[in-house]
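Novice: have a look at this prediction, sequence included:
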Amino acid sequence: MTASIDSNSMLKTDTEQPTFVQKAGVGLMCFTAFLLLYFVMAGPLVWIEGKMKFGPFSNSVKTVYAPLAQVVESDLKPASTLVKSYVGLFKN
């Protein structure tokens, strides 16, 4: 018993290209997700860095999170307070 293959039932590719607005929306969502993960990972990485005391890891964490440290050092009130509070949850 064999099944016939109908060429009309094959998967068809969508020929419509994404618009600029769709591309910009996806880019904005990716950028927002990156910033959120960047901020959320700051606390656990500070905790790990404090426990490991491994020079290369500490240097890389300090380099990657230098912009966030600059916000805290410049004492921009709402942002610096939020970052200090969040990172403080992970410090001993």
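Specialist: It's in. Numbering: from 1, shown residues only.

Novice: and the residue nearest to the spatial centre of the chain, what element?
Specialist: The C-alpha lying nearest the average C-alpha coordinate of the chain belongs to Phe34 (Cα atoms, centre = their mean; 2.5 Å). Per DSSP states H and E: Phe34 is located in helix 20-40.

Novice: which residues does that helix contact?
Specialist: 18, 68, 83, 86 (Cβ atoms under 8 Å, 6 or more residues apart in numbering). Where C-beta positions appear, they are placed from N, C-alpha and C, glycine not excepted.

Novice: again, 10 Å this time
Specialist: The contact list for helix 20-40 (Cβ atoms under 10 Å, 6 or more residues apart in numbering) reads 17-19, 64-65, 67-68, 82-83, 86-87.

Novice: which one of those residues is nearest to Trp47?
Specialist: Val87 (8.8 Å; Cβ to Cβ).

Novice: what's the burial count for that closest one?
Specialist: 20 (other Cβ atoms under 10 Å).

Novice: which SS state does it fall under?
Specialist: Judged by DSSP: H, G, I helix; E, B strand; the rest coil, the three-state class of Val87 is helix.

Novice: how near is it to Pro44?
Specialist: 10 Å (Cβ to Cβ, to the nearest Å).

Novice: and stretch 52-72, which residues are buried?
Specialist: 61, 65, 68, 72 (16 or more other Cβ atoms under 10 Å).

Novice: picking up where we left off before, what two of the contacts of helix 20-40 are the furthest from one another?
Specialist: That would be Gln17 and Val87, which, of those, are the farthest apart (Cβ to Cβ) at 43.3 Å.

Novice: no further queries at this time; thank you.
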